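>>> predicted model and sequence below, questions to follow.
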Amino acid sequence: MIMITWILLVSLFCKSTQDRNGKENAVLRCGPQNMTLTTPDKKILLTWEDEAACLAVRDALTYELAVLIADEQVHDDIVAVTPDQVGSTHSWSWTPDLALECASHSVRLRARYKNYTSPWRQEQTAPGIENKSKQPEIFPQDRVVKVGSRATFCCVLPEGHIFEQMYVTSYSGSEWNTTKITNQTYAMTVDLHQPSNTYGSGTDVLCRTQINDNGASVFIGYPPDDRDLQCETRDLQSVECTWAVGNNTHLGSKHQTVYRLLGSPCANPGSCFRKAQVSVGEQNWTLTAQNPLGTVELTHRADLMKRVHMIAPEGLSASDVNARNVTLKWRLTVPQYNNLDITCQVNNSGITTASETFGVGLTSTVLDDLIPDSTYTVMVRCGTTRHLWKWSEWSSSIKFQTKGDVPDALDVWMQAKDNETMIIWKVLLANQSHGHILDHEVTWAPTNTPERKNRSKVAHNKNGLVLSLDATREYIISVTARNINGSSSPSTITIPSSSPANRVDPSRILGTDGGLNLSWSASPIASCGYIVDWCPTSVESTVDWLKVPPGETNASIFRNFKDGLRYLLSVYACTQGAPMLLERREGYVREKKIQDDLFGTLKWKQQDSDVEVSWDSLPPRAQTAFITGYILYCLDNNNNNVYSVSTDNPEATKLTARNLKIGTYTFKVMAKTAVGECGTTIIRATLNSPTDYLVKAIIMSLVTVFGLLFLITVLCYRHWACIKRKVYPPIPKPVLTDKWLTSPGELSCRPLRVDLCHHSEAHIMDVPELQYKLDEASEEKTQVFTQTPKGYYNQTLKKDTPSPFILPSTIPSFRSIFPNPSYDLMIKTGDQQSNSGPGSHEWTPLERCSSGYQAQSPINHPEEDSDSPLYCVSAYILLPNEPSK
């Protein structure tokens, strides 16, 4: 029984195996049939059908394809066929890298089922072309490829031509590798990484032979990349869509991008117009952009009633033109706009203002706050009030001029200079003067007597007036400007009296970003705000100012400030009376390094082993930064050692280097500032020992003394005659006449008698000359007697009876009696000549005058014989009297 069972099982297994093998053998006989090869659009299209044996396939069936060029496989592919597709016609397409014209392309096909494949069936061939022309031909021609693609080109040579080279223009420097396919066909593969030129003429591929060359064009570019589609309506009867056109595709007009809106072609890139009924509600608007390299589809969903883009108004005009307002009118071009709430904007000489209305069909507006006597250019544009989408374009512009008016009030301020006060005001701009300014008028009066006004006219091109005011009094100043329409309202300012209490010491300030940021403490007296003024401290300049409204305590000032120039800023409280000075600041917008030679000429002085270097005070003009101190560098030229001495006192004018050795030094003085040490000034000096200075001082003293003596000697020598006249004046010689003196003999003098006279001292001083006339043999020995020289002491004479005066025969020398070098009186007798011995003689006065004059103190002389001969030598005669008892 068991045996029978095993036999039955074996029989069943063998039967099933035979059935399965039979079916598999039937499937393996499955393959393609009715194969057809075509080449539409430069592609290989293969179609085929299944054989009848393929109907037994219950699982997936695949077909394997192989493409051959010149018996060499260049491509393979697989086509899967599902069980439900078995029995139907199948197709496969492929674009070969090498153009079909270049060489024959063969396709083979076989079926595969699980691990079994059918043999290759029915090979089909797409033959290449044969070049019968007289020049080489390049394929493909006019091909469109994307930038970055790899493309293969072939050159088919005519019979008898020898190939030389293939290359692509505008790809200079590249190496071209070519492949020989047949004796008449050569291929070249290129990576096209550069787009064709912007003119759209394409890129040329050339083939050169020994006889001639030829080429073809290839268009290298990009697919479209348009974006941002938006649709709107302008007249409520059509739709207009706009979008951002993408980059240049470089494909030229032959392969340009084609646009369609809802399937309808668009005439221009970037915008498309289409008639449509505009209604409330959202709609989809689709745009397609297509070129040979790709397609882009853009979609926009919108309610066009909320996308109304109005057309610009027309017929703009100006009416009711006044000094400060005007009425503008215009016309709407689309009738449907009359049912819309409209808002319009006016461009007034570059300034846009809005004029809104709550009605419909806005066609006019009024412009206010215009400037008198000014020309305006205006334009208008409109948009819907609700759901404003876009403004319309601007209308055509018109011009009009407002009527004239009086000038605006002037902005007036003051500037004190020494004992004068300058009243200044800012020049009115064209939008403030309202016409040509004829002149200005300034009036001023003390605040306690405002009725006593002074007036002065200032020319139209001036903006200030200098006044000499009493510094102890307050004045109220008024300034007006006048044009043909009248005078402006007066601008007043009160000039405070000068008081030491009004002086404020400035604190420092530094600028930032080319300006000065200033802040101050609030003042309760600042009822009308604050005034900040500023001016340079080192140059003559008119003050500038800025008015700050009440409640603000800071200001940022940006003017034409100069770096390295110090400015003085003052903050005043604006009050009902005179401005009150609150604070002062002094500083730079930006500090600059001070130039070299800041200190001018340095002076140095040695004191033992110390050297003091000094300089003059620095003028503010030379300081382009705040000086915080000074530093003195001492360079020992012998060993190059450097010593330094510094001070933090910015007012210092000297520095002392101590305990220096004898030698030569270079001293360098620099100023310390926030931007570094600068203003370098150098002086060189040689230090000597103290002994050398002592010797030098002695030598200099001696040289000075001898120099003075030499100078005095030279001056005395050159002016000796003048000095002699002043110190030792010439003495006139007296002449004795016969009336006063007669000779008793040849060598004798007669007794001389002088009568009593009654004259004053002045008359007595004018003594007549006494002349004694001798004979010819003794003329040159004549004696002359005159008055006593000036300078001798005269005493009052007692009244007395005069007695005759007899010249003695023996008279001592005058020089022995009166030791005065001015006198050289010699009286000699005939026997004794002039060698009379010394002795004391009493002289009898010539005359005693009633006036009491006594010519000389008396001197006693011994009496001599009156008849003795007398030699008279030219000299003065002194007439002494007896001493008073």
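In hand now; what should we look at?
>>> can you say which helix or strand has the closest residue to residue 339 other than its chain neighbours in it?
Nearest non-adjacent residue to residue 339, counting by Cβ to Cβ, 6 or more residues apart in numbering: residue 360, 6.0 Å away. Using the backbone N, CA and C atoms, a C-beta is placed for each residue, glycine as well. For residue 360, there is no helix or strand it lies in under DSSP states H and E.
>>> so what pLDDT did residue 360 get?
At residue 360, the model reports a pLDDT of 83.
>>> and what of the one 3 residues further on?
The per-residue pLDDT reported for residue 363 equals 91.
>>> what's the separation between it and residue 387?
21 Å (Cβ to Cβ, to the nearest Å).
>>> which one of those two has more residues nearby?
Here residue 363 and residue 387 are set side by side on neighbour count (other Cβ atoms under 10 Å), and the busier one is residue 363, at 18 against 12.
>>> what sits against that one?
313, 329, 330, 331, 332 (Cβ atoms under 8 Å, 6 or more residues apart in numbering).
>>> was I right about the last one contacting residue 361?
Yes. With contact defined as Cβ atoms under 8 Å, residue 332 counts as touching residue 361 (6.4 Å).
>>> local confidence estimate at the nearest residue to residue 254 once chain neighbours are set aside?
The shortest distance from residue 254 to any residue other than its chain neighbours is 7.0 Å, reached at residue 200 (Cβ to Cβ, 6+ apart). pLDDT for residue 200: 70.
>>> same check on the one 3 residues further on?
Looking at residue 203, its pLDDT reads 89.
>>> just the one 10 residues further on next, same as before
Per-residue confidence (pLDDT) for residue 213: 88.
>>> just give the nearest non-adjacent residue to it, would you?
residue 206 (5.7 Å).
>>> and whichever helix or strand that neighbour is part of, which residues are buried?
Per DSSP H and E: residue 206 is located in strand 203-209. Neighbour counts over strand 203-209 (16 or more other Cβ atoms under 10 Å) mark 203, 205, 206, 207, 208, 209 as buried.
>>> and stretch 248-257, by the same measure?
249, 250, 251, 252, 255, 257.
>>> contact partners of the strand holding residue 206?
Applying Cβ under 8 Å, 6+ apart, the contact partners of strand 203-209 are 136-138, 153, 155, 157, 161-170, 186, 188, 190, 192, 194, 196-197, 213-220.
>>> direction included, what does it pair up with?
Strand pairing for strand 203-209, determined by DSSP bridges: strand 163-168 (antiparallel), strand 213-221 (antiparallel).
>>> among those strands, which is the most enclosed?
Most buried of the strands paired with strand 203-209, by mean neighbour count (mean count of other Cβ atoms under 10 Å): strand 213-221, with a mean of 21.
>>> for the record, mean pLDDT for the helix or strand just after it?
Going down the chain from strand 213-221, the next helix or strand is strand 227-232, by DSSP H and E. Throughout strand 227-232, pLDDT has a mean value of 93.
>>> other SSEs contacting strand 227-232?
In this structure, strand 227-232 makes packing contacts with strand 238-244, strand 282-291, strand 294-303, judged by 3 or more Cβ pairs under 8 Å, 6 or more residues apart in numbering; DSSP states H and E.
>>> now do the first one, average pLDDT.
Averaging the model's pLDDT scores along strand 238-244 yields 92.
>>> direction included, what does it pair against?
Next to strand 238-244 in the sheet, as set by DSSP bridges, lie strand 227-232 (antiparallel), strand 271-275 (antiparallel).
>>> and residue 169, how far from residue 547?
Taken as Cβ to Cβ, the span from residue 169 to residue 547 is 73 Å.
>>> how about residue 482?
23 Å.
>>> any idea of the mean pLDDT in stretch 520-527?
Rounded mean pLDDT across stretch 520-527 is 93.
>>> distance between the ends of it?
16 Å (Cα to Cα, to the nearest Å).
>>> just the buried residues of that stretch, please?
Buried residues in stretch 520-527 (16+ other Cβ under 10 Å): 520, 523, 526.
>>> residues contacting it, please?
By Cβ under 8 Å, 6+ apart, stretch 520-527 touches 530, 550, 553, 554, 571, 573, 574, 575, 576, 580, 582, 583.
>>> quick check: PyMOL command selecting the buried ones in these.
In PyMOL, a selection of the buried entries from the contacts of stretch 520-527 looks like this (16+ other Cβ under 10 Å):
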select buried, resi 530+571+573+574+575+580+582+583
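>>> narrow the contacts of stretch 520-527 to those in strands?
530, 554, 571, 573, 580, 582, 583 (DSSP state E).
>>> out of the helices and strands packed on strand 227-232, which comes closest to residue 87?
strand 294-303 (35.5 Å; Cβ to Cβ).
>>> which strands or helices does that closest one pack on?
So strand 294-303, by 3+ Cβ pairs under 8 Å, 6+ apart, packs with strand 227-232, strand 282-291.
>>> format those as JSON lines; extra columns: mean neighbour count and distance to residue 413.
Below are those laid out as JSON lines (neighbours: other Cβ atoms under 10 Å; distance: least, Cβ to Cβ, whole Å):
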{"stretch": "strand 227-232", "mean neighbour count": "17", "distance to residue 413": "56"}
{"stretch": "strand 282-291", "mean neighbour count": "17", "distance to residue 413": "64"}
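>>> just so I know, which of those strands lies nearest residue 724?
So among the helices and strands packed on strand 294-303, strand 227-232 is nearest, using Cβ to Cβ, at 122.0 Å.
>>> now that closest one: how far from the chain's centre is it?
On the basis of Cα atoms, centre = their mean, to the nearest Å, strand 227-232 sits 48 Å off its chain's mean C-alpha point.
>>> can I get the CA coordinates of that strand in CSV?
Provided in CSV are the C-alpha atoms of strand 227-232 (Å, rounded to 0.1, in the frame of the first residue of the first chain):
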residue,chain,number,x,y,z
ARG,A,227,7.6,85.6,-12.6
ASP,A,228,5.3,87.9,-10.5
LEU,A,229,2.1,87.9,-12.5
GLN,A,230,-0.4,90.6,-11.6
CYS,A,231,-3.7,91.4,-13.2
GLU,A,232,-5.7,94.6,-13.0
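>>> show residues contacting that strand.
Contacts of strand 227-232 (Cβ under 8 Å, 6+ apart): 239-244, 246, 285, 287, 298-300, 302, 304, 307-309, 389-390.
>>> would you put the C-alpha positions of whichever strand or helix holds residue 78 in CSV?
Residue 78 is part of strand 72-81 when elements are defined by DSSP H and E. The C-alpha trace of strand 72-81 is given here as CSV (Å, rounded to 0.1, in the frame of the first residue of the first chain):
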residue,chain,number,x,y,z
GLU,A,72,29.2,49.8,-32.1
GLN,A,73,26.6,50.0,-29.4
VAL,A,74,26.2,53.5,-28.1
HIS,A,75,23.0,53.3,-26.1
ASP,A,76,20.7,50.7,-24.5
ASP,A,77,17.3,50.9,-22.8
ILE,A,78,14.6,48.8,-21.3
VAL,A,79,10.8,49.0,-21.9
ALA,A,80,8.5,47.2,-19.3
VAL,A,81,5.2,45.8,-20.4
